[in-house]
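Trainee: Provided below for reference: sequence and predicted model.
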Amino acid sequence: MPRGRCHRHGRQFGPCSCSLGKLSRLVEPILLYLLAAGEARYGYELLERARRIALTDAEIDVGAVYRTLRTLEAAGCVRSYWEPGPGGPDRRIYELTDAGRQHLRDWVVVFERIGRHMMDLAEACRELEGQPAQA
């Protein structure tokens with residue numbers, strides 16, 4: 001993973017969603033957050049917690065979670081190991097690496113920029129309709 005930098009925008013632009021991952025369901029930053037916060041460690045637990053804090057209305061698919069975890073692991077953002085399950089099969093446990101923490105920080109920059117743009121667009125749309133801007 002190019003740590004949030006893409007060929008289109010260049011280094012001076014900073015982190016961008018072009019190279020951070022899919023923005024549609026925001027699965028990647030949610031998983032990074034959950035791992036950083038220590039709120040979940042294995043796949044199914046991550047899926048359940050991700051669904052509770054999803055940032056879009058789109059359903060988070062179990063396959064998307066595991067594909068994203070594999071991609072993050074291949075990029076060195078997470079590492080995994082197997083651990084015996086309590087009374088059941090072994091589970092793959094995921095941990096965030098230092099690279100994963102940096103990748104999450106890059107996502108924060110993108111969220112802040114997108115948030116500002118979304119507010120600007122909402123205000124411009126209100127102005128088109130003759131509605132006052134909200135504070």
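Mentor: All right, it came through fine. Numbering: from 1, shown residues only.
Trainee: who touches stretch 63-80?
Mentor: 1, 21, 25, 27-28, 31-32, 35, 43, 46-47, 50, 92-97, 99-100, 103 (Cβ atoms under 8 Å, 6 or more residues apart in numbering). C-beta coordinates here come from the backbone N, C-alpha and C atoms, glycine included.
Trainee: using neighbour counts, trim the residues you listed to the buried set.
Mentor: 1, 21, 25, 27-28, 31-32, 35, 43, 46-47, 50, 94, 96-97, 99-100, 103 (16 or more other Cβ atoms under 10 Å).
Trainee: do I have it right that residue 111 meets residue 29?
Mentor: Yes - using Cβ atoms under 8 Å, residue 111 is in contact with residue 29, at 7.4 Å.
Trainee: between these two, which has more neighbouring residues?
Mentor: Comparing residue 111 with residue 29 by other Cβ atoms under 10 Å, the one with more neighbours is residue 29, at 21 against 15.
Trainee: and for the residue lying closest to the more buried one once chain neighbours are set aside, the neighbour number?
Mentor: Using Cβ to Cβ, 6 or more residues apart in numbering and skipping residues adjacent in sequence, the residue nearest residue 29 is residue 107, 4.1 Å away. Around residue 107 there are 22 other residues, counting by other Cβ under 10 Å.
Trainee: which other helices and strands contact the helix or strand residue 107 falls within?
Mentor: Using DSSP states H and E, residue 107 sits in helix 98-128. Counting contacts by 3 or more Cβ pairs under 8 Å, 6 or more residues apart in numbering; DSSP states H and E, helix 98-128 packs against helix 17-20, helix 27-37.
Trainee: switch the cut-off to 10 Å
Mentor: helix 17-20, helix 27-37, helix 62-74, strand 78-85, strand 88-96 (3 or more Cβ pairs under 10 Å, 6 or more residues apart in numbering; DSSP states H and E).
Trainee: closest to residue 130 out of these?
Mentor: With Cβ to Cβ as the criterion, residue 130 lies closest to helix 17-20 of those, at 32.3 Å.
Trainee: can you tell me what sits against stretch 37-56?
Mentor: Contacting residues not belonging to stretch 37-56 are listed as 23-27, 29-31, 33-35, 59-66, 68-69, 80, 82-83, 85, 90-96, 104, 111 [Cβ atoms under 10 Å, 6 or more residues apart in numbering].
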